[in-house]
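K.L.:
I'd like to go over a predicted model; first the sequence, then the structure.
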Amino acid sequence: MRGVGIVAGLLAVLPVAATAQQANMAALSAGDVQVAAKVHLANKAEVDFGKLAKENGSSKEVQEFGDRLVKDHGAAADKLRAMVEGRGGTLSEPSEQDLANDPDVKKALAKFDELKDLKGKDFDLAFTTYMVEEHEKDIKAVQGLAKQVSDSTLRATLNGMVPEMEQHLRVARDLSAKAGNPARKPNNQT
């Protein structure tokens, strides 16, 4: 299942198989189940992009950023999963068909395929530019989703992810500028 882990941008509508999950998550509303599943998959996607940066990045900084994405987003996914499982629920993977029908997933898979074919400085520039775009979008999306959920524990978990995502955004902006992106300035000149 090539596409399961590569799901950046999943914070838009995703046809998650929520009905099966809802039965296991009586303590969470159906909407909260969908939010938890989307954010969990988005974190897993960032892990995959981080692994790619560790492999394809030319600068030590990009490789270290990739390692940080793997660790931080992996921990965030684990924390979210533990919170849901602690409430008696499970986070199952969407089907390959669900993923194939989602335009955001298609876009993320195309970007992953594009990035995996790049090496060196070309990779560094394309990857860091993409990480800036994704983290800008995802921060806003997670903040919006946190306001929408009814469960206070899920809300706190989502809000707790934002500061780390903002750190990633700052690093991505700096690395993008260093990689030669003329549209990016170092953080003190944003």
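P.N.:
Structure's in. What do you need?

K.L.:
where does the chain have its least confident helix or strand?
P.N.:
Counting by mean pLDDT, DSSP states H and E, the weakest-scoring helix or strand in the chain turns out to be helix 18-24, with a mean of 41.

K.L.:
chain center to the helix or strand following that helix: distance?
P.N.:
Next along the chain after helix 18-24, taking DSSP states H and E as the criterion, comes helix 30-56. Its chain's C-alpha centre and that of helix 30-56 lie 4 Å apart, by Cα atoms, centre = their mean, to the nearest Å.

K.L.:
so where is the chain shaky, pLDDT-wise?
P.N.:
Where the chain drops to pLDDT under 70, the residues are 1-26, 184-190.

K.L.:
Which residue ranges of it form helices?
P.N.:
18-24, 30-56, 60-86, 96-100, 103-116, 120-148, 152-179 (DSSP state H).

K.L.:
residues near the nearest residue to N159 once chain neighbours are set aside, how many?
P.N.:
Leaving aside its chain neighbours, N159 sits nearest to A146 (5.0 Å; criterion: Cβ to Cβ, 6 or more residues apart in numbering). Every residue, glycine included, has its C-beta placed from N, CA and C. Other residues within reach of A146, judged by other Cβ atoms under 10 Å, total 19.

K.L.:
Likewise for P182?
P.N.:
7.

K.L.:
I figured A77 was touching V47, is that so?
P.N.:
Yes - with contact defined as Cβ atoms under 8 Å, A77 reaches V47; the gap is 7.0 Å.

K.L.:
between these two, what contacts are shared?
P.N.:
Here A77 and V47 share no contacting residue, scored by Cβ atoms under 8 Å, 6 or more residues apart in numbering.

K.L.:
which residues sit in contact with A82?
P.N.:
With Cβ under 8 Å, 6+ apart, A82 has no contacts at all.

K.L.:
That one and N181, how far apart?
P.N.:
37 Å (Cβ to Cβ, to the nearest Å).

K.L.:
Equivalent analysis for D124, please.
P.N.:
Taken as Cβ to Cβ, the span from D124 to N181 is 10 Å.

K.L.:
of those two, who's got more company?
P.N.:
A direct count of neighbours by other Cβ under 10 Å for D124 and N181 places D124 higher, at 26 against 17.

K.L.:
Now that one: closest residue in space that isn't a chain neighbour?
P.N.:
Using Cβ to Cβ, 6+ apart, the closest residue to D124 is A179 (4.4 Å).

K.L.:
how close does the residue nearest to L118 when sequence neighbours are not counted get to K107?
P.N.:
The shortest distance from L118 to any non-neighbouring residue, by Cβ to Cβ, 6+ apart, is to A126 (5.6 Å). Distance of A126 to K107, computed by Cβ to Cβ: 14 Å.
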